[in-house]
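Chemist: got a sequence here, can you model it:
(one chain, ligands or ions: 1)
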Amino acid sequence: MKMRNTSVFQAAIRLAAMAVAVFALSGLETTGARADELAKDLFGAQKLPAATAPHSYGFYSKGCFAGGVAIATDGPTWQAMRLSRNRRWGHPTMIRLIEKLSHDAVADGWPGLLVGDISQPRGGPMLTGHASHQIGLDADIWFTPMPDHRLTPTERENMSATSLVNDKTHLVIDRLWTPAHERLLKRAASYPEVERILVNPGIKKKLCDTVTGDRSWLRKIRPFWGHDYHFHVRIGCQPGSVGCKTQESTPPGDGCDKSLAWWFTEEPWRPSKNPDAPKARDVMTMAKLPKECRAVLNAPSPQSEAAVTMGDTGGSAVATTKPDAKPTVDVGAPPVPANAFAPTPIKRPPLPLPKPSR
Ligand SMILES: [Zn+2]
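Modeler: Coordinates of the predicted model:
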């Protein structure tokens, strides 16, 4: 296990070094996207990540990222859901963390993770859904335990998740809540990379009312709208990501206080006074994102999805070679393994890299 992690890490370093050798983001032209274009349209159309060293730009709800990797659709201890959305992408640290959580959760007695949305290949605002998840550092994990069989792609699209919370009382439905749910959240909160875990206020309250012994981890568990059938894991800005904006740290204490009581008043649930106001994504033009996000859009893609997929694929991850990928000049980069995150990189002749686009 240790060997595997080491070789994955080395492979990641090699990929990063290669990407740096091919081009540096700062040197890229930033033409291509107009300042007044809607960022959600451009980022929502991306199929593959920017093949560079990992780097998050901007904030969770206003940014983008490069050097993303995908979590495999299947691993021994997880299955990814809603595959058609193509939101299995994240910063390598995020993807490694989900894999680790899935192994640890199984050791804790949870049957395995159903992985929801992470980010788009290059992050950025989305055409639908989340306001955050833009810089590869957010991931949704279902509260539904992984079934004991591999779900078909159709099941992954259509299977509905069960809410753990009564939407009138905002309290957890007791017959659905188990000690295993608490252990899963505690495990997720135990990792130093994890800064916050967003859950429905009812779930936070359930933890406040029932967790005994060590309660320090409750500080990371934050009440938020939604998040009744999944929880949202957010890690901090990663080393090297200059320009990644850190979130305000969570207030001291377990959060089982007045700030939680507010969620059980009418105020948070009142209908919006201005329901037709445009959402942030509908007005977020390229000009409003960090300027590096234009270079992220212009950066070349990796050779295939498989080359930047981590974890076990179980044979269901399909390599999608970019149709317009052309052989490029030899830049003296080290040989590219067929899968940069394979446990044992195979020595083979250099493969063509996609031509950097203008
Ligand atoms: Zn989320």
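Chemist: CA atoms for contacts and neighbours, from now on please.
Modeler: Will do.
Chemist: did I read that right, Cys293 in a helix?
Modeler: Yes - counting by DSSP: H, G, I helix; E, B strand; the rest coil, Cys293 is found in a helix.
Chemist: what's the spacing between it and Ser56?
Modeler: 9 Å (C-alpha to C-alpha, to the nearest Å).
Chemist: which residues do those two both contact?
Modeler: Common contact partners of Cys293 and Ser56 (C-alpha atoms under 8 Å, 6 or more residues apart in numbering): Gly63, Cys64, Phe65.
Chemist: I'd like to know how many residues surround the closest residue to His170 other than its chain neighbours.
Modeler: Counting by C-alpha to C-alpha, 6 or more residues apart in numbering, His170 lies nearest to Gly202, which is 5.3 Å off, once chain neighbours are set aside. Using other C-alpha atoms under 10 Å, Gly202 has 26 other residues around it.
Chemist: please apply the same query to Gly63.
Modeler: 29.
Chemist: name the SS class of it, please.
Modeler: Under three-state DSSP, Gly63 falls in the strand class.
Chemist: quick one: low-confidence parts of the stretch 251-358 of the chain?
Modeler: The stretch 251-358 of the chain contains residues with pLDDT under 70 at 312-358.
Chemist: quick revisit: in a helix, the residue nearest to His170, correct?
Modeler: Yes - applying three-state DSSP, one finds Gly202 inside a helix.
Chemist: in contact with it, which residues?
Modeler: Contacts of Gly202 by C-alpha under 8 Å, 6+ apart are Val165, His170, Leu171, Val172, Pro223.
Chemist: again with His133
Modeler: His133 sits next to Tyr60, Ser61, Ile118, Ser119, Gly123, Gly124, Pro125, Ala139 when contact means C-alpha under 8 Å, 6+ apart.
Chemist: is whichever residue of the stretch 1-150 of the chain sits closest to the ion in a helix, a strand, or coil?
Modeler: In the stretch 1-150 of the chain, no residue comes nearer to the ion than Asp140, which is 4.7 Å away by C-alpha to the ion. Of the three states, Asp140 takes strand under three-state DSSP.
Chemist: for Phe143, which non-adjacent residue is closest in space?
Modeler: According to C-alpha to C-alpha, 6+ apart, the nearest residue to Phe143 is His230 (5.0 Å).
Chemist: where does that neighbour land on pLDDT?
Modeler: The model reports His230 with a pLDDT of 97.
Chemist: do Gly32 as well
Modeler: 72.
Chemist: the residue nearest to Phe143: what's it in contact with?
Modeler: For His230, the contacting residues are Gly116, Asp140, Ile141, Trp142, Phe143, Thr144, Val199, by C-alpha under 8 Å, 6+ apart.
Chemist: ok, the last one to Leu207 distance?
Modeler: Going from Val199 to Leu207 by C-alpha to C-alpha gives 11 Å.
Chemist: more neighbours: those two, which one.
Modeler: Between Val199 and Leu207, counted using other C-alpha under 10 Å, the more crowded position is Val199 (23 against 19).
Chemist: residues in contact with Arg187?
Modeler: Per C-alpha under 8 Å, 6+ apart, neighbours of Arg187: Leu101, Asp104, Ala105.
Chemist: got the angle for the helix or strand where the second one lies vs strand 138-142?
Modeler: If I follow you right, that is Asp104. Per DSSP states H and E: Asp104 is located in helix 92-107. Taking axes from the mean of the first three to the mean of the last three C-alpha atoms, to 10 degrees, one finds that helix 92-107 is oriented at 20 degrees with respect to strand 138-142.
Chemist: between Cys293 and Ser56, which is the more surrounded one?
Modeler: Between Cys293 and Ser56, counted using other C-alpha under 10 Å, Ser56 has the larger neighbour count: 31 against 28.
Chemist: so that one: helix, strand or coil?
Modeler: strand.
Chemist: 9 is where my numbering starts, stick with that
Modeler: From this message on, residue numbering opens at 9, which makes the last subject Ser64.
Chemist: is it true that it touches Gly251?
Modeler: Yes - contact criterion C-alpha atoms under 8 Å: Ser64 and Gly251 qualify, at 7.3 Å.
Chemist: got the contacts of Gly210 as a markdown table, with distance to Lys266, pLDDT and neighbour count columns?
Modeler: Converted to a markdown table, the contacts of Gly210 look like this (distance: C-alpha to C-alpha, whole Å; pLDDT from 0 to 100; neighbours: other C-alpha atoms under 10 Å):
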| residue | distance to Lys266 | pLDDT | neighbour count |
| --- | --- | --- | --- |
| Val173 | 20 | 97 | 22 |
| His178 | 16 | 97 | 18 |
| Leu179 | 16 | 97 | 18 |
| Val180 | 19 | 98 | 21 |
| Pro231 | 12 | 97 | 21 |
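Chemist: keep only those of those residues that are in strands.
Modeler: Counted as lying in strands by DSSP state E, out of those, are Pro231.
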